[in-house]
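# One predicted model, sequence on top.
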Amino acid sequence: MYRRIVILTGAGISAESGISTFRDQDGLWEKHHIEDVATPEGYAKDIQLVERFYNLRWQDLQRPEILPNAAHQALAKLELEFEGELLLITQNVDDLHERAGSLRMIHMHGELKKGRCPKSQQTFVLREPFGEDNCCTCCIPAMRLRPHIVWFGEMPFAMDRIHDALDECDLFIAIGTSGTVYPAAGFVDTANHHGAQTVEVNLMQPDPHSQFQYHFTGKAGEIMPKLVDTILNGNILGANKCKLAQA
Ligand code: OAD
């Protein structure tokens, strides 16, 4: 039976909800240059271009067909029913975990639905798209809100809390992430180092150099409900070679 679980999610968990990943075929980084839209330098160079990029993604997220899928729901159920400690960390900037019912979670790369005052760092839920008139209410003169997104070269949020949880967990599961962006890509090493079981859920077969001890290959929406039931039934994942509970 596990006592402390840390879950890391990436763009793959939202793929079945209709949100593009970054690095799969047709992913966001095939259509946009990272340095233009996801760096402080890109923002300084062309604010309007960066604002348009995040405004479009924010609008996209509000399309009625974009809904949490079975993987998001399974994690919300785990939070509700697991008797030990659970920390959900997402690299995603969408709000599908919250919409599924997850309450205790860290958006380590920020949130699409928020803007941030560049001076005080206070965050504001967006009522209108980014633009020169969308300003903070914390400063005089009011400052133009920037996207509440961690760009390349910036430090992700809540790293102390994340490292404390990784140091103590007995199970670490990474779902739908390519493991290419640090520091999140290094969480598996930290968890291994502290003796946790480490499990990866991904559509693709594992990389031969993968640091994860166990792999489940397939869609997160199909695997996660079974994986969560296996955990809630008090089973240890490696004990029966990862045979999952029947859905
Ligand atoms: P990536 O686009 O790099 O990787 C998505 C992963 O999800 C891939 O490994 C896919 O094989 C997997 N995948 C796709 N569909 C899936 C499904 N239905 N079920 C399970 N797995 C599936 O996205 P991330 O790893 O999240 O950072 O990217 C990490 C960070 O890079 C993002 O947070 C973002 C980006 O640049 C910032 O913007 C700071």
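That came through, no problem. Residues are numbered from 1 along each chain as shown.
# Show me which residues of the lowest-mean-pLDDT helix or strand in the chain are buried.
Least confident helix or strand, the chain: helix 28-31 with a mean of 82, by mean pLDDT, DSSP states H and E. By neighbour count on 16 or more other Cβ atoms under 10 Å, the buried set for helix 28-31 is residue 28. All C-beta spots, glycine's among them, are computed from the backbone N, C-alpha and C.
# Any part of that helix near the ligand?
No: counting by Cβ under 6 Å from any ligand atom, the ligand is not contacted by helix 28-31; separation bottoms out at 6.6 Å.
# Alpha carbons of that helix, in CSV - could you do that?
C-alpha atoms of helix 28-31 as CSV (Å, rounded to 0.1, in the frame of the first residue of the first chain):
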residue,chain,number,x,y,z
LEU,A,28,2.6,23.5,-31.2
TRP,A,29,6.3,23.7,-31.5
GLU,A,30,6.1,22.6,-35.2
LYS,A,31,4.0,25.7,-35.9
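# distance between that helix and the chain's centre?
With Cα atoms, centre = their mean, to the nearest Å as the basis, helix 28-31 stands 18 Å off its chain's centre.
# So which elements touch the helix or strand following it?
The helix or strand immediately downstream of helix 28-31 is helix 34-37, counting by DSSP states H and E. Judged by 3 or more Cβ pairs under 8 Å, 6 or more residues apart in numbering; DSSP states H and E, helix 34-37 is in contact with helix 40-45, helix 47-61.
# ok, and what's touching stretch 61-77?
7, 9, 13-14, 16-19, 60, 88, 94-97, 99-102, 112-113, 175-176, 220-225, 227-228, 232 (Cβ atoms under 8 Å, 6 or more residues apart in numbering).
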